[in-house]
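K.L.:
model the following, please.
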Amino acid sequence: MRLALLTVLAVLATGPAAAAPAKPAAVKPAVAKPAASKPPAKPGFDARDPAAVAALLAGAGAKTETARGGEGQVAMKVVTPGGGFGMQFANCDAKGKACAGVAFSTGFDRQTPTLAHMNLFNRTQFACRGFTGEDGKPNVMYSTLLTSRMTAEDMKQHLGVWQGCLGAFAQFTRDPAGFLAANS
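P.N.:
Numbers count the residues shown, from 1 in each chain. This next block holds a predicted model:
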């Protein structure tokens, strides 16, 4: 079948009914257009810089308080209309910038689920991790690596994942057995 099709195409291309080749169209000389002036470049968002993340959060109505932690650490307390949480930037440079990762975390003021329930919660979640804090209260955490290529939109997506973690963990701590039955 393929050979027959190729033969037909070859006959059509070389047979007496083949059209004469078209003459090339006249080429018009290119006219240089004036260069459009570009607006000045806006400073880029750097997700590795806690100050840039704080500005992004402020734009969403959150208040932040930043403190330098131990070597290469920057801690940020975040207060939003819906509640508060902490951000821990890790492996930062000497200026507290160019951080390699960030962990979002918060504790809940509820009775702690059993260890078995907490382990099952962690198995049902892709991004969130629950644990018992030093005060004996349930805590949830989400972490991500940071790169110089991350945009403000990328960071907003991570904040959205964090909000999802908060919602799921709130449901879990209200009724561990019910949450696990519905999500296993």
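K.L.:
so how far does stretch 81-101 reach from one end to the other?
P.N.:
25 Å (Cα to Cα, to the nearest Å).
K.L.:
when you give positions from now on, start the count at 28
P.N.:
Got it, first residue is 28 now, which makes that one stretch 108-128.
K.L.:
show residues contacting it.
P.N.:
With contact meaning Cβ atoms under 8 Å, 6 or more residues apart in numbering, stretch 108-128 is reached by 73, 75-78, 80, 88, 95-96, 99-105, 129-133, 170-173, 189, 193. Just so you know, the C-beta spots here come from the backbone N, C-alpha and C atoms, and that holds for glycine as well.
K.L.:
please list only the buried members of the residues you listed.
P.N.:
With burial judged by 16 or more other Cβ atoms under 10 Å, the buried subset of the contacts of stretch 108-128 is 73, 75-77, 80, 99, 101, 103, 105, 129, 131-133, 170-171, 173, 189, 193.
K.L.:
among these, which lie within helices?
P.N.:
Taking DSSP state H as the definition of helices, the buried ones among the contacts of stretch 108-128 contribute P77, V80, W189, L193.
K.L.:
so which helix or strand takes in the closest residue to A74 other than its chain neighbours?
P.N.:
Once flanking residues are discounted, A74 sits nearest to M177: 3.8 Å by Cβ to Cβ, 6 or more residues apart in numbering. If you go by DSSP states H and E, M177 is not part of any helix or strand.
K.L.:
M177: neighbour count?
P.N.:
For M177, the count of nearby residues is 18 (other Cβ atoms under 10 Å).
K.L.:
do the one 4 residues further on as well
P.N.:
The local packing of D181 (other Cβ under 10 Å) involves 15 other residues.
K.L.:
thought it was touching A74?
P.N.:
Yes. Contact criterion Cβ atoms under 8 Å: D181 and A74 qualify, at 6.7 Å.
K.L.:
gap between V80 and L173?
P.N.:
With the distance defined as Cβ to Cβ, to the nearest Å, V80 ends up 9 Å from L173.
K.L.:
find residues that contact each of those two.
P.N.:
A74, V129.
K.L.:
what ranges do the helices span in this protein?
P.N.:
29-41, 77-86, 142-151, 179-201, 203-210.
K.L.:
mind checking which of those is nearest D162?
P.N.:
Ranking those by their distance to D162 (criterion: Cβ to Cβ) puts helix 179-201 first, at 14.3 Å.
K.L.:
now do the contacts for L84.
P.N.:
Contacts for L84 (Cβ under 8 Å, 6+ apart) come out as T91, V105, T107, L186.
K.L.:
which members of these are positioned in strands?
P.N.:
Among the contacts of L84, the members falling in strands (DSSP state E) are T91, V105, T107.
K.L.:
which ones are touching the residue lying closest to the last one once chain neighbours are set aside?
P.N.:
Sequence neighbours aside, A89 is the residue nearest to T107 in space, at 4.5 Å (criterion: Cβ to Cβ, 6+ apart). Shown in contact with A89 (Cβ under 8 Å, 6+ apart): V105, V106, T107.
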